[in-house]
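J.: Everything below, folded, please.
(chains A and B)
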Amino acid sequence: MTEGAPYVELHCHSNFSFLDGGSHPAELAARAAELEMPALAITDHGGVYGAVRHLQACRKLGVKPIIGSALEVDGEELILIARNLRGYSNLCRLLSLAHADQPKGEACTTLATVAENRGDLFYLSATDSERRLGDLLDALGSENVFSELHHHLRPEDAWVLEGRTAMAARCHARVVATNQVHYHVAARRKLHDVLVAIRHRATLDEARDHLFPNAEHHMKGGEEMRLLFTGHEEALATPWEIAQQCDVDLDFRKVRFPGYPVPAGETPFSYLYKLCFEGMRERYRPITSAVTHRLQHELEVIEKTGLAEFFLINWDLMRFARERGVPGQGRGSAADSIVAYVLGITRVDPIEHNLLFERFLHEEMTSTPDIDIDFSTAHREQVIQYIYDKYGWERTGMVCNVVTFQPRMAIRQVGKALGFSAELLDRLAKGVDRWFVEDVEDSVIWAVPPPDMRPQSWQQFLELCREVIEFPRHLSIHNGGMLVTGEPLVDIAPVEPATMEGRRVVQFNKDDVEDLGLIKMDMLGLRTLSVVAEALDLIKDTTGTRPDLDQLPLKDPAVFEMCSDADTIGVFQIESRAQMQTLPRTRPQTFNDLVVEVAIIRPGPIQGNAVHPYIRRKQGREQVTYAHPLLEPILKDTLGVILYQEQIIEIAMFVAGMKPGRADGFRRAMTRHLNRVEMSSLEDEFVSGCLSNGVPREVADQLFAAVQGFAVYGFCRSHAAAFARTAYETAWMKLHHPVEFGCGLLNNQPMGFYHPSVLVEDLKRHGLKALPVDINLSDVRCLPEQFESGYAMRIGFNYVRDLGEDGRNAIVAERDRAGAFASFDDFLSRLRGGPIGPKAVRNLVMVGGFDALGQPRRELVWSWQERWHGKGLRRGIERQSELGLNGTAPNLPEIDDFDANQLEYRISDLSTGHHLIHFCRDRLAAMGALESNKLATVRSGRHVRVAGLVITRQAPSTAKKIRFFTLEDEFGQVNVTIKPDVYERYRQVANRQPILVIDGVMQRQDGVYSVLAGHIQALDGVPRPAQRSHDYR
Amino acid sequence: MTRLLSPPTAVDVTLDHGRAPIAIAGAFNGSIHPIARWKVEGSWWNRPVVREYWKAVLNNNLLCELYRDVSSGEWFVERVYD
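T.: As a prediction, the model looks like this:
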């Protein structure tokens, strides 16, 4: 026994115990520091999900971090604590095994398995069974197993403590005191109870038996523990004894690469060198000295940083994609690299577009650079599978994504635990301002609690909702992050089976992986690439030639004209409201202009007035000047205005004289929230560097202020360039092949800024035709169809609700097999017993799929229901259809245009005929609402009434709670700006009603207009379409 | 046998320096010797109950359970083992 040894908590659940922990790892670490604990363990259920955060938080506070986990072994909880890295690896392996054959999120194992993976682990057991304790000691070693003693001031705790101590003595086991911590302070007990109730899908009353009887599971310091464990000083000293033996530093930099097999006689670097020069010869003709110098420089940096294998892995990935015809391209700062370009990882020439390598990689870089690759969503799975096959399942896993509580979920689940009615919770959750997640209490402030609810309950509810925000709820799979390691993955991180068959998820998220020094490969699914691939195939079908986008000259004036007119619905990156509001002002005329557009026309910079200087200069209203001649080559492309992150690095390098690594560090530092001393130190460094370069003091100060202002908004130029290329390509397709491109867009939903119906309306406004679903002419997907002298878009069966993929395929397969359907009965007869349910049959009829065959829709449905009852059809009861019942329909009213429109909206979510507002036009005219195409003549400052279907609701987080709505009518769109006070007044109507009539004031600038709302009302009496607006933050 | 007093009987309690009860007065009188202590904090969402319980021997011959209602500070004898 060590007299006066500090107490250390070795059994501690954070909120990464998913619904069984009431505090963040950082809160626990901070509390441990307050209580002067020299060390703290984290022991979450079934995993080490919070380990990296725990390590970071503890290190900051000078608390020694200890990594462990609580695992169910033969039905009893066992605490495992890693003594060192080997113990940690054993823990990871064991946790992986424990998850392997369990339902998602659950883990359990047997003592035999624990014993097989023993070594450098301590085990703490709170068993009351002497036999069990004996088994643990035998299997895991008496020097490693400890009997865990608790005292939570429960009636039985005192004698259990004595009994367990005596039992341990009989078994010759050591004892260890822990407080089985579940929250850092007693006040969090309420939240913990709520989480437990949520876990049991019950109210607190119903979950009473699962709750701790008091709040004693909070973190306690030595003094408090000594009072509870009087006479058990040995148990109190043991944690520190254990803690002193633990030393786990999770740094896996040495094993981060899986190794890339290179041909005999080559090293990874020599092979990379060879590939780069081959690639250079393919891409550059002629090869200029600028190209060779740049390539040589980059290769030198890659050799010094030891990243050759990293590039080879990415090159190999792209090679595979190209060979399989999988559309893919690198994004982000990787496009700054000529190596990435000549290896075919990126598609933007860094020489032509003046991209700075140092933003991507430099010699002083300690972290791995990011290579994010976008693949067509429809094909991405092939690439993931390739990585699994290439590097082996044991070295490959998907990075996890921790799903956290957000306001709606918090309101619903906390409210349910507190016993609030479903109706009340539904009302509260739906009223939440989904755009401003931080304002939980503001979001429900408008709600009046039921009169019978105690005020304390309402306050408690709000407080708990606030506390639970950002708490981990469960694990999901990250969109595209893949971890590939040199050592077997299970030695580095526990892995769990994902919902998807054969897929495994690592217990760390993308930030954790980076902090551990591991390599994450980001393979993101980009639906636009699927659209592009499909549109190119369709263009080949209609024209006989598949355009080669790599050879597309990026200088078609008609494309830039279209973009300048904001005719960009469906165009990648420049279709949003904010983009469409600025395109007519900046009027891009070159690819470089488009890069700027992608980089800066974002809500943040616009609202922050960061782009106005650029716009003024672009419009020729302000002279292009440079504060110092050294700035001209750096800022020439952006008319003297700092817009890109790369420019900040270049200014730091070429004006302030910093080395590349320091310049990148300077840029990164400027984007963070710095205190005055830190900022002042940066300023001194920058200004003195400028002075040494002969820049006058006044200019240096101004420049620092400018850099400081733009650092927050600064966008990565290479990323913008990569995206601008895709933007140009999609704009080119929209202009020259609108039907094929439109089909691609409709077939790859959900994606982009707009609902499919908006895309169809846009097509119609361009004088093109969308043809309705037809049982003999539609395909599985929307396709171009010859129409008059050109092509029209035929809506596919993918736009018939309830038909499903099997149903769509069955119709087309049957048509391919035995020709067109001659009649509705022929269709039913040939597809009887197939995968088409009665709802789908009814929808096919009511959307007009059989109109061309001559019989009215209502008559078909009536007679089908009489003769061929849906259930009999579905069950394949042939006889039922042959009963020969009288199927003659009575006189049923014809479907008129309005009915057909409503049916098409309901079944296909779009209209190939009139816009919905067409049918409200008389009423709107009577109300004095102007059509969207007449707004061009309304002068700025005039009062105006507008109306339309709400197609987007947007509240950029940077816009000080100003909302931007877009209304659509049969002629076009209307932009509406809603200030917070107006929004609060009409939020119920504005949020929920599909068709709005808005009175406001016309605001105009450079040919762009918006209506500033003053009064909002719903247009009543119109059948409500399904919720169709796209709402964004 | 154990007898639950319903409602519990209010008593006055004298505490020692460690805040443990040493004597009670009222319906039950005399010196008490505490044996065990525990804490109940329940139903915080509804009708909060926060009590500190003591099991004690009264006058060397009667085992009883008494508690302090933490919100009011009042003491009650709830159960006797007679």
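
J.: what ranges of the chain fall below the confidence cut-off?
T.: This is for chain A. Of all residues in chain A, those with pLDDT under 70 make up the ranges A:1-3, A:431-448, A:602-610, A:672-674, A:712, A:867-889, A:957-959, A:1022-1033.

J.: that answer is for a different chain, and I need it for chain B
T.: For chain B, no range has pLDDT under 70.

J.: who in it is up against chain A?
T.: B:36-42, B:44-46, B:53 (CB under 8 Å from any CB of the partner chain). C-beta coordinates here come from the backbone N, C-alpha and C atoms, glycine included.

J.: any chance of those residues in CSV, with neighbour count and secondary structure too?
T.: As requested, those are exported to CSV (neighbours: other CB atoms under 10 Å in any protein chain shown; DSSP: H, G, I helix; E, B strand; the rest coil):
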residue, neighbour count, secondary structure
B:36, 15, strand
B:37, 18, strand
B:38, 22, strand
B:39, 19, strand
B:40, 17, strand
B:41, 20, strand
B:42, 18, strand
B:44, 17, coil
B:45, 22, coil
B:46, 14, coil
B:53, 18, strand
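
J.: Just the closest of those residues to residue A:769, please.
T.: residue B:45 (61.1 Å; CB to CB).

J.: Can you pull the phi/psi pair for the residue nearest to that closest one when sequence neighbours are not counted?
T.: Once flanking residues are discounted, residue B:45 sits nearest to residue A:204: 5.0 Å by CB to CB, 6 or more residues apart in numbering or on different chains. With angles defined as degrees, to the nearest 10, residue A:204 sits at phi -60, psi -40.

J.: My guess is residue A:204 contacts residue A:414. True?
T.: No - the criterion here is CB atoms under 8 Å, and residue A:204 misses it with residue A:414 at 10.3 Å.

J.: Pick out whichever of these two has more residues nearby.
T.: Taking other CB atoms under 10 Å in any protein chain shown, residue A:204 and residue A:414 do not tie; residue A:414 has more neighbours (27 against 24).

J.: and after the strand or helix carrying the more buried one, which helix or strand comes next?
T.: According to DSSP states H and E, residue A:414 maps onto helix A:407-417. Proceeding N to C from helix A:407-417, the next assigned helix or strand is helix A:422-431, under DSSP H and E.

J.: can that following helix be found next to chain B?
T.: No - for helix A:422-431, no contact with chain B is found by CB under 8 Å from any CB; the gap never falls below 15.2 Å.

J.: Could you list every helix and strand in contact with that helix?
T.: helix A:407-417, helix A:440-444, helix A:980-992 (3 or more CB pairs under 8 Å, 6 or more residues apart in numbering or on different chains; DSSP states H and E).

J.: For chain B, which of these is the nearest?
T.: helix A:407-417 (8.2 Å; CB to the nearest CB).

J.: Show me what that closest one is packed against.
T.: Against helix A:407-417 (3+ CB pairs under 8 Å, 6+ apart) you get helix A:189-199, helix A:422-431, helix A:440-444, helix A:455-468.

J.: re the thing from before, please compute how far the helix holding residue A:414 lies from its chain's middle.
T.: How far helix A:407-417 lies from its chain's middle: 22 Å, per CA atoms, centre = their mean, to the nearest Å.

J.: three-state assignment of residue A:965?
T.: Classification of residue A:965 using DSSP: H, G, I helix; E, B strand; the rest coil returns strand.

J.: quick one on the thing from earlier: any idea which of the helices and strands packed on helix A:422-431 is most buried?
T.: helix A:407-417 (a mean of 23; mean count of other CB atoms under 10 Å in any protein chain shown).
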